[in-house]
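Q: the sequence isn't on hand, but the structure is:
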């Protein structure tokens with residue numbers, strides 16, 4: 001019974017996030033730990049993955065390693081931007097995290113505005129779970145978004161993200177696509 005409830009709750013959160021795709025990606029310009037600003041417009045023509053995460057999240061840690069593989073496999077075709085929110089994360093936690101996990105993708109600092117615009121945070125929908133990432137196509141449109149759940153665990157902990165990217169680059173369509 002508990003497993004059924006957990007699956008039901010996870011499925012509900014997947015469908016609730018569905019309206020976050022199919023729209024123009026909100027613009028932003030955020031700094032990384034070295035005070036260099038990053039703007040998704042700088043990556044136009046490439047697929048951009050915007051990952052909202054935290055350095056203390058175990059699922060985020062696993063997914064960060066997968067995103068580094070994505071960056072290596074699709075060099076020049078896919079850009080990865082990781083986004084954290086202070087005060088939970090700061091320059092010190094991000095620097096340690098990047099070194100410990102060998103992260104080469106920019107980890108950007110948001111004060112909540114970018115997360116709010118991507119995740120459509122409102123007083124009725126005041127928060128979000130992490131990790132949650134968005135896949136933006138070469139023209140700046142959000143094509144996919146995923147929040148961690150048991151139903152899409154393979155995307156965050158396995159190879160499930162690769163068919164999604166392959167399909168956007170003109171390969172085969174992803175099987176069993178769930179948002």
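A: Perfect, thanks for sending it. Since this is a predicted model, take the numbers as computed values, not measurements.
Q: tell me the SS of the nearest residue to residue 71 once chain neighbours are set aside?
A: Nearest residue to residue 71, sequence neighbours excluded (Cβ to Cβ, 6 or more residues apart in numbering): residue 80, at 5.1 Å. To be clear about C-beta, it is placed using only N, CA and C from the backbone, and glycine gets the same treatment. When classified by DSSP: H, G, I helix; E, B strand; the rest coil, residue 80 comes out as strand.
Q: what is the burial count for residue 80?
A: 23 (other Cβ atoms under 10 Å).
Q: need the pLDDT of it.
A: We have a pLDDT of 97 for residue 80.
Q: please name the bridge partners of residue 108.
A: Residue 108 forms beta bridges with residue 32, residue 83, as assigned by DSSP bridges.
Q: how far off centre is stretch 97-109?
A: Relative to its chain's centre, stretch 97-109 lies at 14 Å (Cα atoms, centre = their mean, to the nearest Å).
Q: tell me which residues in it are buried?
A: Neighbour-count burial for stretch 97-109, counted by 16 or more other Cβ atoms under 10 Å, picks out 97, 98, 103, 105, 106, 107, 108, 109.
Q: endpoints of that stretch, how far apart?
A: 14 Å (Cα to Cα, to the nearest Å).
Q: the helices in this structure, which residues?
A: Using DSSP state H, the helices of the chain run over 2-16, 58-73, 91-101, 113-119, 153-157, 161-168.
Q: which one, of the ones you listed, ends up nearest to residue 128?
A: helix 113-119 (4.6 Å; Cβ to Cβ).
Q: I'd like to know which elements the closest one is packed against.
A: strand 47-52 (3 or more Cβ pairs under 8 Å, 6 or more residues apart in numbering; DSSP states H and E).
Q: give me the contact list for the strand it packs on.
A: With Cβ atoms under 8 Å, 6 or more residues apart in numbering as the test, strand 47-52 has contacts from 25, 40, 60, 63-64, 67, 70, 74, 77-85, 115, 118-119, 128, 130-138, 165, 168-169.
Q: for this structure, what are the low-confidence residue spans?
A: 1-18, 171-179 (pLDDT under 70).
Q: can we see that at 50?
A: Where the chain drops to pLDDT under 50, the residues are 1-17, 174-179.
Q: if we can go back for a sec, which of the contacts of strand 47-52 count as buried?
A: By neighbour count, with 16+ other Cβ under 10 Å, the contacts of strand 47-52 hold 25, 40, 60, 63-64, 67, 70, 74, 78-85, 115, 118-119, 128, 130-136, 165, 168 as buried.
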